[in-house]
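*Asks:* I'll drop the sequence and a predicted model, then ask my questions.
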Amino acid sequence: MAAADRLPVAIIGAGPVGLAAAAHLLEKGETPLLLEAGETAAASVLSWGHVKLFSPWRYCIDDAARRLLQKIDWSEPDLDSYPSGKELADHYLLPLAAQLSSCLRTNSKVVSVTRLGFDKMKNSGRDQAPFLLTIEHRDGSEESILARAIIDASGTYTTPNPLGYSGIPAPGERSSASQILYRIPDVHGADRERYAGKRVAVVGSGHSAFNAIIELAELARELPETQIVWVVRKTDLTTTYGGELGDALPERGALGSRVKALVAAGAIQLESGFHIAHLQTGCCGGNDCCGTSLISQDGRRVAVDEVVATTGFRPDLAMLSELRLNLHPAVESPTVLAEMIDPNFHSCGTVEPHGAVELAHPEKDFYIVGMKSYGRAPTFLMMTGYEQVRSIACELTGDPEGARKVELVLPETGVCGGDGCCLPPPNRKTLAVSAAACCGTGTGCC
C-alpha cells in the first residue's frame, strides 16, 4: 500500500451530512478524519435548535448512520413526527458523533486546503500528491494535516447573504449590524426581549422567512404592540407561498399557507417589490426609538426597530482557493449539479439523483457535499446529502459500481414556476428516479 493510501479521508464539518459521510466510510472499512470548527458536533444545527423542521424524522436519518446507532442502545424516534433542530441534535446527531468520537476533532477550523507541494498552477504529479489542510484551533494556534481525499461538508450557515439587492451589503448595512439578525430568532426563548413590543422587518421570501414571520405573529398575539413588516423583492407572490396542500411535506406546505393567511388578515404589513438599496440608522419618527430604516431603490422607506434577514446563504470558498474546482459561475455549485438546481430555470423541490460523478472536480478526490454543494440554490434537503456521501464513500473505497448506482426519491413541492414544467437540461441523460414527477400538476412534465 502506498504511503498516500494510508492517509485518512478528511471530512470538513460534523453536521448531518458530514457525520453521515463518516458513517458510510467507516462502514466501508475506511477510518475518516472528521474536522469540526465548533465546540461540538452539530454546532450549526444547535444554533437554530428552536426551529422545527418541515421534514419528518424519516427524511432526517441516514441509512449508514442508523446501522451504526443500532449497535448501541439507541431508540429510533417516531419517523412521522417532526423534530426541532435541538431534537435532531440530541436524539440523532450527538449520539452519532459519540459513536464516531475516535475520528472526530472539534474546535478544528479548516482555513485552507491545497495539495502538498503544489499551488494551483503546478501540474506534473498533482493527482498523486496528498492534500494539505491547515487547521486553526480555538487558541489561535495552527496545525497542518495530510489527507488522501477531502469531503467538504462545511455547509453555508455561517455565510448568510447580505440585505443589499445587488448581492453585496447595502450602504449602511454594516454600520446597522447590531440591529440585524441573520437567522430565525428564538422569539419564545432567548430572543424574546429583543423583539417583544418592537416593530420588526423580516426580509426574505423562503421557508426561513415563513418561520420567522409565524413566530413573530405568535408573539404579536401575546403583545399586540409587536408589529411585523414583511419585505420581499418579488412583486408577483403567486408561487411564493409554495405548494401548500399540494406539498408532499405537509409541514412545509403549511408554512406558506399560514403566512398567506396572515397577509390576508392584515396581521403583517407586506412590502413587495422592495429592493433594499440603503440602510439608515436613526430615529423612527413617532415610535420613540432609534432604529433602522430600509430604503428601497424606488425611494420607499420602512422604519423598524429590528431587522431579521432571512435572505439565504452562500458558500465560503476562500479556503479552497488553491484547488482546481469546476463551479457554475452563477450558482457556485458543481457545474453538472447546477444544471439541475439553478433557480433561474428549475423551481421544483425534486432533483435528479446524483453522486460522485456529478460532484467531481478537476481536483481528483475532492468533493463538496451537502448544503454547500448547492452553492446559492436554496432547495437542498438532508436526504440529498445523504445519497451524495453514500455514492462518494463507494467511489473512494474502490466500489465504482456502487458509486454510480444512485437513486433518490424526494418529496414533491406541488409547485413549479414558469410555464409549469421542470424539464431536465437538454443533452443530459436522466438518471433512474423512482418518483415519477416533480411538478404535482398531473401533466407528467418532469
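*Replies:* Cool, got the structure.
*Asks:* where does Gln99 fall, phi/psi-wise?
*Replies:* Backbone torsions of Gln99, given as degrees, to the nearest 10, read phi -70, psi -20.
*Asks:* State the number of residues packed around it.
*Replies:* A count of neighbours around Gln99, defined by other Cβ atoms under 10 Å, yields 19. Backbone N, C-alpha and C define where each C-beta goes, glycine included.
*Asks:* Look up how far Glu27 lies from it.
*Replies:* From Gln99 across to Glu27, the span is 12 Å (Cβ to Cβ, to the nearest Å).
*Asks:* Now do the contacts for Ala318.
*Replies:* Shown in contact with Ala318 (Cβ atoms under 8 Å, 6 or more residues apart in numbering): no residues.
*Asks:* before we move on, the earlier item: would you mind listing the residues touching both of Gln99 and Glu27?
*Replies:* Common contact partners of Gln99 and Glu27 (Cβ under 8 Å, 6+ apart): Leu68.
*Asks:* hey, where'd the helices end up in the chain?
*Replies:* 16-27, 43-47, 63-69, 85-88, 94-99, 192-195, 207-222, 250-264, 335-341, 356-359, 382-396, 400-404 (DSSP state H).
*Asks:* Give me the helices and strands touching the first one, please.
*Replies:* Translated: helix 16-27. On a contact count with 3 or more Cβ pairs under 8 Å, 6 or more residues apart in numbering; DSSP states H and E, helix 16-27 meets strand 9-12, strand 33-35, helix 63-69, helix 94-99, helix 382-396.
*Asks:* Alpha carbons of that helix, as CSV, please.
*Replies:* What follows is helix 16-27, C-alpha atoms only, in CSV (Å, rounded to 0.1, in the frame of the first residue of the first chain):
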residue,chain,number,x,y,z
PRO,A,16,-25.8,15.9,9.4
VAL,A,17,-24.1,15.3,6.1
GLY,A,18,-20.5,15.2,7.4
LEU,A,19,-21.4,12.7,10.1
ALA,A,20,-23.2,10.6,7.5
ALA,A,21,-20.1,10.7,5.3
ALA,A,22,-18.1,9.4,8.2
ALA,A,23,-20.6,6.6,8.9
HIS,A,24,-20.5,5.5,5.3
LEU,A,25,-16.7,5.5,5.1
LEU,A,26,-16.4,3.6,8.4
GLU,A,27,-18.9,1.0,7.1
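*Asks:* in it, what's buried?
*Replies:* Neighbour-count burial for helix 16-27 flags Pro16, Val17, Gly18, Leu19, Ala20, Ala21, Ala22, Ala23, His24, Leu25, Leu26, Glu27 (criterion: 16 or more other Cβ atoms under 10 Å).
*Asks:* Go through those residues and name the one nearest Asp127.
*Replies:* Closest approach to Asp127 among the buried residues of helix 16-27 (Cβ to Cβ): Leu25, at 20.3 Å.
*Asks:* Near the closest residue to that closest one other than its chain neighbours, how many other residues are there?
*Replies:* Counting by Cβ to Cβ, 6 or more residues apart in numbering, Pro32 is the residue found nearest to Leu25 once chain neighbours are left out, at 4.5 Å. Pro32: 25 surrounding residues under other Cβ under 10 Å.
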